[in-house]
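here is my input, please return the structure:
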Amino acid sequence: MPDQAGPAATETGPAEQTERISDALLSERTGRAWAQWFALLDEWGGTGRTHTEIARWLVTTHEVPGWWAQTVTVGYEQARGLRAPGQRRGGGFSANGSRTVAVPVRRLFDAFADDALRRRWLPEDVRVRTATTPKSFRADWADGSTRIVVGFAAAGESKSRVAVQHEKLADAEQAARLKAYWRERLAALKQLLESDGDQR
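Residues are numbered from 1 along each chain as shown. Next up is the predicted model:
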């Protein structure tokens, strides 16, 4: 469903949702521009609600598709000073990245779960916490102070998408650095898997 997918971020560091997504695009996908959503959420008492409550209200009351409900929620929280760009509502920071790769979803999952294959595109050490084939992968990062949560989705028989969220980051600077890092590493992953050099 096209409405469930949002545009890929292109900035190297954290940015306000309102900078990343135009009023025109938001109106097209949700029926309202940023200022209209902010006014509606203020009237509803959004500043006193949790992230989950806001997103659920947007989905159930206004029929905003899930991804876009999250987008509006984060934009609102940033605009009202409830979180900084790159910051989670609880106070911590995270960085994310995503990529569509022309391989089946199981192959994309294996690029994270298989140690030998993972080392070919991701030089850092990780300690796997849980892995559910071919849906999710969670691991502690290097020294264990941060962690990655990875989700996979098929986009056809020979195409799939990966989304990485790097959690428990110290500050916005680290989040910006890791956002750029994941953009680079996921590009390397795509090149590896889509090239003839990926024959094991």
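
going forward, measure contacts and count neighbours with C-alpha atoms only.
Noted.

and the helix or strand harbouring Phe137, how far out from the chain middle?
If you go by DSSP states H and E, Phe137 is part of strand 136-141. Put simply, strand 136-141 sits 14 Å off its chain's centre (CA atoms, centre = their mean, to the nearest Å).

contact partners of that strand?
For strand 136-141, contacts defined as CA atoms under 8 Å, 6 or more residues apart in numbering pick out 109, 112-113, 124-131, 146-152.

how far off centre is stretch 138-153?
Per CA atoms, centre = their mean, the centroid offset for stretch 138-153 relative to its chain is 13 Å.

ok, now stretch 152-165?
The answer for stretch 152-165 is 13 Å, by CA atoms, centre = their mean.

contact partners of it?
With CA under 8 Å, 6+ apart, stretch 152-165 has contacts from 94-105, 108-109, 134-136, 148-151, 182.

Leu25: which element?
Applying DSSP H and E, one finds Leu25 within helix 23-30.

which positions in that helix come out as buried?
23, 26, 29-30 (16 or more other CA atoms under 10 Å).

that older thread, tell me the mean pLDDT over the strand holding Phe137?
What strand 136-141 shows for mean pLDDT is 95.

beyond that strand, next helix or strand please.
Next element after strand 136-141 (DSSP H and E): strand 146-154.

can you name the element that comes right after that next one?
Immediately after strand 146-154, counting by DSSP H and E, sits strand 160-169.

for that next one, output the C-alpha coordinates as CSV.
C-alpha atoms of strand 160-169 as CSV (Å, rounded to 0.1, in the frame of the first residue of the first chain):
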residue,chain,number,x,y,z
SER,A,160,13.1,-6.5,-0.2
ARG,A,161,13.5,-3.6,2.2
VAL,A,162,15.6,-3.3,5.4
ALA,A,163,15.1,-0.7,8.1
VAL,A,164,17.7,-0.1,10.8
GLN,A,165,17.2,1.8,14.0
HIS,A,166,20.3,2.4,16.2
GLU,A,167,19.1,3.0,19.7
LYS,A,168,20.3,4.3,23.1
LEU,A,169,22.5,7.0,21.6
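
perfect, I'm done here.
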